[in-house]
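> let me see the structure of the following:
(chains A and B)
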2 protein chains.
Amino acid sequence: MSSSLARYFPVLEWGRTYSGRILANDLVAAVIVTIMLIPQSLAYSMLAGLPPVIGLYASMAPLLAYAVFGTSRTLAVGPVAVISLMTAAAASKVATAGSPEYIAAALILAFLSGLILLVMGLLKLGALANLLSHPVISGFITAPGLIIASSQLGHILGIKTSGETLVAIVGSFFRNIGQLNPWTAMVGIPAVAFLFWVRKGLKPLLIKLGLQTRPADLIAKAGPVFAIALTTAAVALFDLAEHGVKIVGTIPTGVPPLTIPLFDPQLWMQLAAPALFLSIIGFVESVSVAKTLAAKRRQRIRPDQELIGLGASNLAAAFTGGYPVTGGFARSVVNFDAGAETPAAGVFTAIGIGLAALTLTPLLYFLPNATLAATIIVAVLSLVNIKAILDVWRYSKSDFAAMMLTIGMTLVAGVEAGVVAGVGLSVLLFLHKASKPHMAIVGLVPGTQHFRNIHRHEVATSPRVLNVRIDESLTFTNAGWLEEAVTDLALKSPDVRDVVLMCSAVNEIDATALESIEALNHRLSSADVRLHLSEVKGPVMDRLKRSHFLEELTGQVFLSQFDALQALSPELLLATSVKRVAPIR
Amino acid sequence: MSSSLARYFPVLEWGRTYSGRILANDLVAAVIVTIMLIPQSLAYSMLAGLPPVIGLYASMAPLLAYAVFGTSRTLAVGPVAVISLMTAAAASKVATAGSPEYIAAALILAFLSGLILLVMGLLKLGALANLLSHPVISGFITAPGLIIASSQLGHILGIKTSGETLVAIVGSFFRNIGQLNPWTAMVGIPAVAFLFWVRKGLKPLLIKLGLQTRPADLIAKAGPVFAIALTTAAVALFDLAEHGVKIVGTIPTGVPPLTIPLFDPQLWMQLAAPALFLSIIGFVESVSVAKTLAAKRRQRIRPDQELIGLGASNLAAAFTGGYPVTGGFARSVVNFDAGAETPAAGVFTAIGIGLAALTLTPLLYFLPNATLAATIIVAVLSLVNIKAILDVWRYSKSDFAAMMLTIGMTLVAGVEAGVVAGVGLSVLLFLHKASKPHMAIVGLVPGTQHFRNIHRHEVATSPRVLNVRIDESLTFTNAGWLEEAVTDLALKSPDVRDVVLMCSAVNEIDATALESIEALNHRLSSADVRLHLSEVKGPVMDRLKRSHFLEELTGQVFLSQFDALQALSPELLLATSVKRVAPIR
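Below you'll find the model as predicted:
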């Protein structure tokens, strides 16, 4: 009873052994993640076309929900880049960015996504994530990075851009290039440069100045905070907002509001498909991160329960004025590196963000959008991993094709089209490879009752009997090929009078394969060749008995291949001096 | 040279051996098929929302094109029920039924479908048809039958119905039931009853009256012609058109016009997706029929060339005022049974239809639509095969689920949605089954160098070494499962220090599986367990060398499993008295 409760509430498991030492570690990690998460939350909600405060709201209640239901000890949930992009794409189809209807649509997306993930979790569909090949996943993480970076370029320079594809965004960038605001660029370009330098150069510098590796690392991680402080101060001091530099402005102070997602069946129908995509992509991204981190500490995550954890997080977002969330790569790594041991770190982070929302927001009034855009650009470009793409190219051309199709389609037609195309191609290539069943012509190993491939072993065969061993289950993917291949083999040699299919490795014959074997039986019979089966497994035989196949079969079903040989080509026994035995009953 | 020409022009093959005897057989078949095809062509073009004459046009040039390019000797192409339904669904999205724009859209559909099929044929994608499971095919042949029959019910009773789904059609039927025209019903209901009786009762009656089986069969097949003659005469004699009985009216007399499909890129884009679906479904239906008939005479069809044949037929339809065509089930069976031996029968049929178009159409002025509707109802209901559905239910519940989903989605959301849902489900179920690779823990067979499953054979094993034989290629579908399963096996027994993956049956390791094995290596290594590989095939090894895996691998790659044993658990050699041998180089 208690173990089944702990199954659905992992908090009961790690909570039992919670100690002062763990608390201290979790608190340190929470402080660091909070500092990192404040600018990120503001930036990602801007990317989603939402007011900045929504990003803060989405970084509180969802973390509490994940702490109760999630199985990863160190995953940090909240707004992430790809999901923010997809939220913008979906919400802007039904409302204008920033309008109350748009915010309502984002809430509905979080609500539907929460429901979808929860239902998938209860149906134990977590294993579905295994069906996305890694090159496709890597493709739909890389390509949005490029789209997002290009969409933020305008904010850096004060140019208005629009669109959801790389082409559209770059097009609008060049059409509106005349709007370039030099004051904005004077804030934005140094911010980008500084943040890139912080990423690579600050840590080595601090170490050279005498700091230990760990504090140097943590200070470098807080880089965005310096950029925010400096640019906010600059805007305030030099009155840059008067010169056209866009600023964040008033962020409402207070705890997240209680919100009820609007019940509008028509709107729900319109948002259902994007919510489904967003859920699956969020889940796959989150599980990849959680698996990687869990492996480092020899912990395990349970994908089915992860669905429930992320579902609960999104429902929490929907009821507290947020928008869709998932486990993020960068923040989870920071959380892990900073020493977080349990999801309690997430709870403390949520409290930290809450305190910031209550006290710090007035300080962010002059924060320039350009700085937030710079934060996003640097974060998403780190997801574009050219080396990984080259590795796939070297390793497998068909995986590379699926990856490139995903990237290409995402860039020209959006994340959803990219994923559909990439998954579609990898499944098609897999089905294509699966369309030829492994099979071998076998013969008797002299002196034994064993049968082996005639091309690899010295075996005895009869010209009148063709023995074909099938090494795989027969399904719609390979049944057509089997029918053609066996017909060809049998009709090629005019002496063949009997064909025996040795089914020792056949675990299933589906309805399509059944029809193919029936057709094979029919085709062979019209050439006066009988079809037999041997070594059919019990469950397969039970099913065949429920069809009409056994009545139509021109030959017999032998319990063993050796029985088939004794009945159909007894002369081989003499030739190979094997003793006759009673057939298996 | 000549054989490669004959590959693309099968006419060159069968034409060489054409004789007077074959000519006679083909002519007889052509006369019978012509008689059957005239009412069917009119009826199906009505179903497609097109003027009746379009159906006649679509039954001439396409037959000539197929005779040149098709590989089936007896397939009869022309308008068919499902394709007519899909044409109506696609064209009515861009124009009003019967309008010139609507007719232009049907031409474009035929043109695009022709291009798509031709390109698929040149790319040799014929094998794709094998990837549709038979239950799904049977589902998308059954469900449209129900939709079509319900859509024709209104014509039988003089009630106007509309919609593309069963629900919509039945709904409009009951809303408009007040329009019921008793005169129409007096023509329609007896026509349906007569045609059903002809199908089942006429042949036995004629045989009882003393006719031979074959002529009785052929006369029964001509049943629709009697119904047409009788009802047309009744309408003409009793002036029923004045009482609201809808009639065919003037059918233009003459040969098919030369038409050029309208070049309108936007319209083409709108019609491209329906044209693709229509092409695939038409192809699958046609190939199923062609395969069945070819098997009966031990002939072969070539799916890639069939794509070219059907592509040419649709292009021919597009340039001669027709609409999309494919190989039809009923007419092909009649053609076959009537003794057709070569596609020349199709040429003679086209000539027959041409003569009818030139001379008979004035006679069809008073032909009531209700009779055509009756023809359609009886034809399509014969495609609804309840017994086949029950057979699938008995044989395989998962196949049944895919079939029912196809039927259900087709009925409520149209043919395209049905096919997508059915194919999607069957592929998902297949991938799910493929997600667990076959593997076995193996040990040394004493006195040999062979390794066998420890659960099936008496073998020697070392508690420190886990030998896992993988019986399948490793791809994204099963890699995640392998990683979990091997980790569990290795960490379950605390004594295990080495894991050897025996890769003798692994033909491929894709990029996703490579990452999983890397993760496995990493996870085992953090538990102080080394990972080794053995018996890696050449091509797989070549690829691994192009990755970083071999540098990271904690253990070794052994050429044989026995080498691995000698290196890792030499004590087993003593225990089983096997002689040490030099490792394979």
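> ok, which stretches of the stretch 151-300 of chain A are helices?
Using DSSP state H, counting those that start in this stretch, the helices of the stretch 151-300 of chain A run over A:166-175, A:182-197, A:203-208, A:213-221, A:223-238, A:265-296.
> pLDDT on stretch A:561-578, on average?
Mean per-residue pLDDT for stretch A:561-578: 81.
> need the residues of the stretch 101-250 of chain A near chain B, please.
For the stretch 101-250 of chain A, the residues in contact with chain B (Cβ under 8 Å from any Cβ of the partner chain) are A:127, A:129-135. Every C-beta, even on glycine, is put in place using the N, C-alpha and C of the backbone.
> now which of these would you call buried?
A:127, A:129-135 (16 or more other Cβ atoms under 10 Å in any protein chain shown).
> filter these down to just the ones in helices.
The helices, defined by DSSP state H, take in A:134-135 from those.
> TSV for the buried ones among the residues of the stretch 101-250 of chain A next to chain B, including pLDDT?
Output for those, formatted as TSV (pLDDT from 0 to 100):
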residue	pLDDT
A:127	79
A:129	74
A:130	74
A:131	72
A:132	78
A:133	81
A:134	81
A:135	84
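> tell me which of the buried ones among the residues of the stretch 101-250 of chain A next to chain B is nearest to residue A:264?
Using Cβ to Cβ, residue A:129 comes nearest to residue A:264 of these, at 30.8 Å.
> contacts only, for that closest one.
Contact analysis of residue A:129 by Cβ atoms under 8 Å, 6 or more residues apart in numbering or on different chains lists A:283-284, A:287, A:303, B:480.
> in chain A, what helix or strand scores lowest on average pLDDT?
Here the helix or strand of chain A ranked lowest by mean pLDDT, DSSP states H and E is helix A:2-8, holding a mean of 71.
> what helices and strands are in contact with that helix?
Packing partners of helix A:2-8 (3 or more Cβ pairs under 8 Å, 6 or more residues apart in numbering or on different chains; DSSP states H and E): helix A:11-16, helix A:303-319.
> please redo it, this time with the cut-off set to 7 Å
If you count contacts as 3 or more Cβ pairs under 7 Å, 6 or more residues apart in numbering or on different chains; DSSP states H and E, helix A:2-8 packs onto helix A:11-16.
> what's the first helix or strand after the helix it packs on?
helix A:20-47 (DSSP states H and E).
> identify each buried residue in that next one, please.
By neighbour count on 16+ other Cβ under 10 Å, the buried set for helix A:20-47 is A:22, A:25-47.
> what does the stretch 351-500 of chain A have sitting close to chain B?
Proximity of the stretch 351-500 of chain A to chain B (Cβ under 7 Å from any Cβ of the partner chain) is limited to residues A:391-392, A:394-396, A:399, A:426-427, A:430-431, A:435, A:475-477, A:480-481.
> now for these, which pair is the farthest apart?
By the measure Cβ to Cβ, A:391 and A:480 form the most distant pair in those, at 35.8 Å.
> and the two? which has more neighbours close in?
residue A:480 (23 against 20; other Cβ atoms under 10 Å in any protein chain shown).
> name the helices or strands packed onto the helix or strand that that one is a member of?
For residue A:480, the host element (DSSP H and E) is helix A:479-492. In terms of contacts (3+ Cβ pairs under 7 Å, 6+ apart), helix A:479-492 is packed against strand A:465-470, helix A:511-525.
> residue B:415: which of these is closest?
Nearest to residue B:415, of all the helices and strands packed on helix A:479-492, is helix A:511-525, at 20.0 Å by Cβ to Cβ.
> how about the CA coordinates for that closest one, as CSV?
Extracted C-alpha coordinates of helix A:511-525, given in CSV (Å, rounded to 0.1, in the frame of the first residue of the first chain):
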residue,chain,number,x,y,z
ALA,A,511,-3.6,-11.0,-40.0
THR,A,512,-1.7,-9.6,-43.0
ALA,A,513,0.9,-12.3,-42.8
LEU,A,514,-1.8,-15.0,-42.5
GLU,A,515,-3.3,-13.8,-45.8
SER,A,516,0.2,-13.8,-47.4
ILE,A,517,0.8,-17.4,-46.3
GLU,A,518,-2.6,-18.3,-47.5
ALA,A,519,-1.8,-16.7,-50.9
LEU,A,520,1.6,-18.6,-50.8
ASN,A,521,-0.2,-21.9,-50.2
HIS,A,522,-2.6,-21.1,-53.1
ARG,A,523,0.2,-20.1,-55.5
LEU,A,524,2.3,-23.1,-54.6
SER,A,525,-0.7,-25.4,-54.9
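> what pLDDT, on average, does whichever helix or strand comes after that helix get?
Following helix A:511-525 in sequence order, the next helix or strand is strand A:530-534 (DSSP H and E). When pLDDT is averaged over strand A:530-534, the result is 95.
> and stretch A:197-210, by the same measure?
Taken as a whole, stretch A:197-210 carries a mean pLDDT of 86.
> quick one: buried residues of that stretch?
Buried residues in stretch A:197-210, counted by 16+ other Cβ under 10 Å: A:198-199, A:202-203, A:206.
> if we can go back for a sec, return the item of the contacts of residue A:129 having minimum pLDDT.
residue B:480 (82).
> for it, give me its contacts.
A:130, B:516 (Cβ atoms under 7 Å, 6 or more residues apart in numbering or on different chains).
> any low-confidence regions in chain A?
Residue ranges of chain A with pLDDT under 70: A:1-3, A:298, A:576-585.
> ok, now which ones touch the most centrally placed residue in it?
Centroid-nearest residue in chain A, with Cα atoms, centre = their mean: residue A:284, separated by 2.6 Å. Shown in contact with residue A:284 (Cβ under 7 Å, 6+ apart): A:129, A:132, A:137.
> how about residue A:299?
residue A:73.
> tell me the spacing between it and chain B.
Distance, residue A:299 to chain B, using Cβ to the nearest Cβ, to the nearest Å: 11 Å.
> likewise residue A:556?
Distance from residue A:556 to chain B, counting by Cβ to the nearest Cβ: 21 Å.
> neighbours of that residue, how many?
17.
> quick one, domains of chain A?
As recorded under automatic domain parsing, the domains making up chain A are A:2-429, A:439-575.
> can you give me the end-to-end span of the last one?
The one in question is domain A:439-575. End-to-end distance of domain A:439-575 (Cα to Cα, to the nearest Å): 26 Å.
> how far out from the middle of the chain is that domain?
Here domain A:439-575 is found 42 Å from its chain centre; the criterion is Cα atoms, centre = their mean, to the nearest Å.
> surely residue A:459 meets residue A:445?
Yes. The pair formed by residue A:459 and residue A:445 meets the contact definition of Cβ atoms under 7 Å, at 5.6 Å.
> compare these two (neighbour count), which wins?
residue A:459 (21 against 16).
> can you name the residues bridging to the nearest residue to the more buried one once chain neighbours are set aside?
Leaving aside its sequence neighbours, residue A:459 sits nearest to residue A:443 (Cβ to Cβ, 6 or more residues apart in numbering or on different chains; 3.1 Å). Beta-bridge partners of residue A:443, counted by DSSP bridges, are residue A:452.
> present the helices of the stretch 151-300 of chain A as TSV; the columns should include distance to residue B:487.
Listed next are these as TSV, based on distance: least, Cβ to Cβ, whole Å:
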stretch	distance to residue B:487
helix A:166-175	40
helix A:182-197	38
helix A:203-208	34
helix A:213-221	30
helix A:223-238	37
helix A:265-296	9
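> closest to residue B:324 out of those?
helix A:265-296 (28.9 Å).
> tell me which helix or strand the residue in the stretch 251-400 of chain A positioned nearest to chain B sits in.
Across the stretch 251-400 of chain A, the shortest distance to chain B (Cβ to the nearest Cβ) belongs to residue A:399, at 3.9 Å. Assessed by DSSP H and E, residue A:399 sits inside helix A:397-413.
> pull out the buried positions in that helix.
Residues A:398-411 are the ones in helix A:397-413 that count as buried (16+ other Cβ under 10 Å).
> tell me how far residue A:522 lies from residue B:296.
As defined by Cβ to Cβ, to the nearest Å, residue A:522 lies at a distance of 8 Å from residue B:296.
> more crowded one of the two?
Comparing residue A:522 with residue B:296 by other Cβ under 10 Å, the one with more neighbours is residue A:522, at 15 against 12.
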